[in-house]
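S.K.: Everything below, folded, please.
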Amino acid sequence: MHATQQTPSNATQAQQPQAAAQKGARQPYSIELFLAYHRLAGDLQNENVPRGGAEASAARAAGNHPEVLALQELFGNNAALRRLFSLAVENLQLHAHREAIFFADKLVTLTDGHPLLVYLLGETYFANGDYKKVHSLFARYKVLNRNANFQVLAARALLRNKQYEQCLSVLDLPLEETTIFARLEATAHFLRGQCYESNENKAFAIQCYTDCLRKEPTHVEAFSRLVDSYLISGPEREQLLAALNFPSEDLWLKKYYAARVRDADVVPEPPGARPPLSSRRPANQATQMAEEKPIGTAIGDSSTVRADNLFETLSSRNNLDILCIKAKHAYARYDIDRAYELCLRAIREDPLCFEVIPIYCCCLLELNYLGELYYCAHNLVENYSGHPLPWFAVGVYYFLNKKYETARKYFQKANLLDRNFAPSWLAFAHSFAVRDESDQAMSVYRTCARLFPGCYLAQLYIGMEFLRTNNLKSAMLSFSAAKDINPSDPFVYNEIGVILYKQRMYAEARETFMTGITLAEGTIAWVLEILYTNLGHTFRKMKDYKSAVKNYEKVIALNPRNAAVYFSLAFTYHISNQLNKAISFYHKSLHYKYDAPFVQDMLNKCLSDAAELPWENVYNV
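M.R.: The predicted structure follows:
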């Protein structure tokens, strides 16, 4: 491949990575290369240096790297240079970065800027957080385009320094060495994608991340950017996963990606306006926890771990990433109790597990666990005040206290720290929606839809705001967009069904609600309550009273204390002239909610109607 890194708008040049690798492709520089010479030169006089066996063979293999051989030739028998090199590498290994910089700088001066030692000094600058110095150093010694190692490290440093345009310029430099290690090429695509994403050029960012994964399917961070930043929709994720070619030893990673794809539509956020047409309620019974072994418990001999069962083994041993996926799945099924239990298992193992904390915070909000939420937020702020997640947690705490303006300030602070943190954006919008500040809420939801094109919740909530103002056409457009992104959420079909119901398209509404019920099978009970209730209303409007009664009875079986459904059942019996049953269910509705004047009025009307009919007509239907 030619050294120039193409932008997403340009065609990718012909590449021969496998053939190049067989002919001795340039491997990426790493600390292992420096250690290889360090060990082979015999500078470490202690027992930890491998002197035989597999480790010694690996060190000697790395020592055959052309740059290491060049170092051997450069140093020769010069003990002073070898000693400086040893001190630089040892301090870098021990994370004593300032000491490493000191000795590496002397090496560069004494060797008149040998490229590999310049790279070593750049590594020490990068490790110490002196990102601007990395680019300046490479530019001063004119090695920015020597090979992909220099290019990628300089680009990483510029990206950390938020110099996105300059980072892209470095990545576009033509390289002197045209042979590039596949992982380095994939990393260059990834860095370019991060620059485009930071500049809100989502289309180019998606293309770069996709190119990175196609070049190197094991680049987990590129996959995470596509999924966690909601850059692509559910069907697009499936297509990407099918297009990736994994070697046999990495097939477990494909299973991991598939599990991530299934949970990718979950964006943890305070409930705000969710769910529609019904207050949220927990299940009738607590979800039973399956017996799981503690995190880190060994299961069998590690020799039984193979590439084909690696993902299953990680799942059985409750790896934190797998627990996070399970928690997101439970949250996606609206099973808050189960999600909370899974989050708690992960939090007990790692109290600062960033992947699971957004779900954990929202579960605490749903369950009204104020004290636990306060402790979580306090712990995060104390340890990671420069990260958006602590301020999101603080915002959720104030949201739970109904101090929405204060919560809004902390959500906004999280957004300023990271514009690509989806939970804080949605929570920020909810802080307006919960106060019926529709214009501000719509503005933030639209920003969410722009920043996270693969997040269906932004479109869903935009539609709900339109529905609240009775703008049915615009609401339908938003709900349709949400369905295209995620066609498996039952609440999307519920909202579409509500619009069709309001438009008196009862047959279409019935089919839509039934589709939602099919998708909701296996979820928590109150989700089905909403769908069965709305389906019952639809059947009642179609004058199919028997079907309406059946659906209301299903809701009562799920929640026997639902006063609203008892009223709907009573009203259905009332208009179908089954007054004895209507009177009974009006009474039941008042039993569970006595302060309901309209129910009382309907009961009086039913009694009045019954009084005008013969006894046989009332009780012998």
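S.K.: and residue 191, what does it touch?
M.R.: By C-beta atoms under 8 Å, 6 or more residues apart in numbering, residue 191 lies in contact with 152, 155-156, 159, 167, 171. Backbone N, C-alpha and C define where each C-beta goes, glycine included.
S.K.: can you pull out the helices in the stretch 151-300 of the chain?
M.R.: For the stretch 151-300 of the chain, the helices defined by DSSP state H, counting those that start in this stretch occupy 164-171, 182-198, 202-215, 220-228, 234-243, 251-263.
S.K.: Only C-alpha atoms, please: export the fourth one in PDB.
M.R.: So that's helix 220-228. What follows is helix 220-228, C-alpha atoms only, in PDB (Å, rounded to 0.1, in the frame of the first residue of the first chain):
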ATOM      1  CA  VAL A 220     -12.400  -3.500  20.000                       C
ATOM      2  CA  GLU A 221     -12.200   0.300  20.600                       C
ATOM      3  CA  ALA A 222     -13.300   1.100  17.000                       C
ATOM      4  CA  PHE A 223     -16.300  -1.300  17.500                       C
ATOM      5  CA  SER A 224     -17.100   0.400  20.800                       C
ATOM      6  CA  ARG A 225     -17.000   3.900  19.200                       C
ATOM      7  CA  LEU A 226     -19.600   2.800  16.600                       C
ATOM      8  CA  VAL A 227     -21.800   1.100  19.200                       C
ATOM      9  CA  ASP A 228     -21.400   3.300  22.300                       C
END
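S.K.: what does that helix rub up against?
M.R.: 186, 189-190, 193-194, 197, 205-206, 209-210, 212-213, 231-232, 237, 240, 253, 257, 260-261, 264, 422, 454.
S.K.: and with 6 Å instead?
M.R.: With C-beta atoms under 6 Å, 6 or more residues apart in numbering as the contact definition, helix 220-228 has outside contacts at 190, 209, 212-213, 232, 260, 264.
S.K.: Tell me the one of those residues nearest residue 437?
M.R.: Nearest to residue 437 out of those is residue 264 (C-beta to C-beta; 29.7 Å).
S.K.: Kindly present the contacts of helix 220-228 as CSV, with separate columns for pLDDT, neighbour count and distance to residue 368.
M.R.: Listed next are the contacts of helix 220-228 as CSV, based on pLDDT from 0 to 100; neighbours: other C-beta atoms under 10 Å; distance: C-beta to C-beta, whole Å:
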residue, pLDDT, neighbour count, distance to residue 368
190, 96, 24, 41
209, 96, 29, 39
212, 95, 25, 43
213, 94, 24, 41
232, 89, 22, 35
260, 87, 21, 30
264, 50, 21, 28
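S.K.: ok, residue 547 - contacts?
M.R.: residue 539.
S.K.: show me the contacts for residue 574.
M.R.: 582, 606.
S.K.: Secondary structure class of it, three-state.
M.R.: Under the three-state scheme (DSSP: H, G, I helix; E, B strand; the rest coil), residue 574 adopts helix.
S.K.: about what we covered before: just curious, which of the contacts of residue 191 is nearest to residue 443?
M.R.: For those, the nearest to residue 443 is residue 159 (29.9 Å; C-beta to C-beta).
S.K.: And for the closest one, the neighbour number?
M.R.: Neighbour count of residue 159, defined by other C-beta atoms under 10 Å: 22.
S.K.: I'd like the distance between it and residue 421.
M.R.: 18 Å (C-beta to C-beta, to the nearest Å).
S.K.: just residue 581 next, same as before
M.R.: Counting by C-beta to C-beta, the gap from residue 581 to residue 421 is 53 Å.
S.K.: Between those two, which has more neighbouring residues?
M.R.: Shown here are residue 581 and residue 421; by other C-beta under 10 Å, residue 421 has more neighbours (23 against 17).
S.K.: Apart from its chain neighbours, what residue comes closest to the more buried one?
M.R.: Once flanking residues are discounted, residue 421 sits nearest to residue 388: 4.5 Å by C-beta to C-beta, 6 or more residues apart in numbering.
S.K.: Count the neighbours of that neighbour for me.
M.R.: Applying other C-beta under 10 Å, we find 21 residues neighbouring residue 388.
S.K.: quick check, nearest of the contacts of helix 220-228 to residue 116?
M.R.: residue 190 (24.2 Å).
S.K.: That closest one: what's its closest spatial neighbour, skipping adjacent residues?
M.R.: residue 212 (4.4 Å).
S.K.: quick check: mean pLDDT across the host helix or strand of residue 344?
M.R.: According to DSSP states H and E, residue 344 maps onto helix 336-349. Mean pLDDT, helix 336-349: 92.
S.K.: Report pLDDT for residue 28.
M.R.: The predicted structure lists residue 28 with a pLDDT of 59.
S.K.: now do residue 332
M.R.: Residue 332 is given a pLDDT of 84.
S.K.: any idea how far residue 338 is from it?
M.R.: For residue 332, the distance to residue 338 - C-beta to C-beta - is 11 Å.
S.K.: Next: residue 417.
M.R.: 31 Å.
S.K.: more neighbours, the two?
M.R.: Using other C-beta under 10 Å as the criterion, residue 417 and residue 338 rank with residue 338 on top: 23 against 17.
S.K.: Against residue 185, how distant is the more buried one?
M.R.: Applying C-beta to C-beta to residue 338 and residue 185 gives a distance of 42 Å.
S.K.: Residue 535 too?
M.R.: 54 Å.
S.K.: Please say which of the two ends up with more neighbours.
M.R.: Between residue 535 and residue 185, residue 535 has the larger neighbour count (other C-beta under 10 Å), namely 27 against 20.
S.K.: ok, now which ones touch the more buried one?
M.R.: Contacts of residue 535 (C-beta under 6 Å, 6+ apart): 513, 551.
S.K.: Adjust the sequence numbering to begin at 783 for everything that follows.
M.R.: Understood, numbering begins at 783; the last thing we discussed is residue 1317.
S.K.: Going by neighbour count, which residues in stretch 1002-1019 are buried?
M.R.: 1004-1005, 1007-1016, 1018-1019 (16 or more other C-beta atoms under 10 Å).
S.K.: meant to ask about stretch 1162-1173, not that
M.R.: 1162-1163, 1169-1173.
S.K.: got the CA positions of it in PDB?
M.R.: What follows is stretch 1162-1173, C-alpha atoms only, in PDB (Å, rounded to 0.1, in the frame of the first residue of the first chain):
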ATOM      1  CA  LEU A1162     -17.100   9.000  41.300                       C
ATOM      2  CA  VAL A1163     -16.600  12.800  41.700                       C
ATOM      3  CA  GLU A1164     -13.900  12.100  44.300                       C
ATOM      4  CA  ASN A1165     -11.900   9.900  41.900                       C
ATOM      5  CA  TYR A1166     -12.700  11.100  38.400                       C
ATOM      6  CA  SER A1167     -13.800  14.700  38.500                       C
ATOM      7  CA  GLY A1168     -12.600  15.300  34.900                       C
ATOM      8  CA  HIS A1169     -14.800  12.600  33.400                       C
ATOM      9  CA  PRO A1170     -18.400  13.200  32.400                       C
ATOM     10  CA  LEU A1171     -19.800  10.200  34.200                       C
ATOM     11  CA  PRO A1172     -19.500  11.600  37.800                       C
ATOM     12  CA  TRP A1173     -21.400  14.700  36.800                       C
END
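S.K.: what does it rub up against?
M.R.: By C-beta under 6 Å, 6+ apart, stretch 1162-1173 touches 1136, 1139, 1175, 1192, 1195-1196, 1199-1200, 1203, 1206.
S.K.: Adding pLDDT, write these out as TSV.
M.R.: Shown next, in TSV, are the contacts of stretch 1162-1173 (pLDDT from 0 to 100):
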residue	pLDDT
1136	89
1139	93
1175	95
1192	96
1195	95
1196	95
1199	92
1200	90
1203	92
1206	94
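S.K.: Keep only those of those that are in helices.
M.R.: 1139, 1175, 1192, 1195-1196, 1199, 1206 (DSSP state H).
S.K.: Looking at these, which two lie furthest apart in space?
M.R.: The widest separation within those (C-beta to C-beta) is 16.5 Å, between 1139 and 1195.
S.K.: Of the two, which one has the most company?
M.R.: Neighbour tally, residue 1139 and residue 1195, criterion other C-beta under 10 Å: the higher count belongs to residue 1139, 26 against 16.
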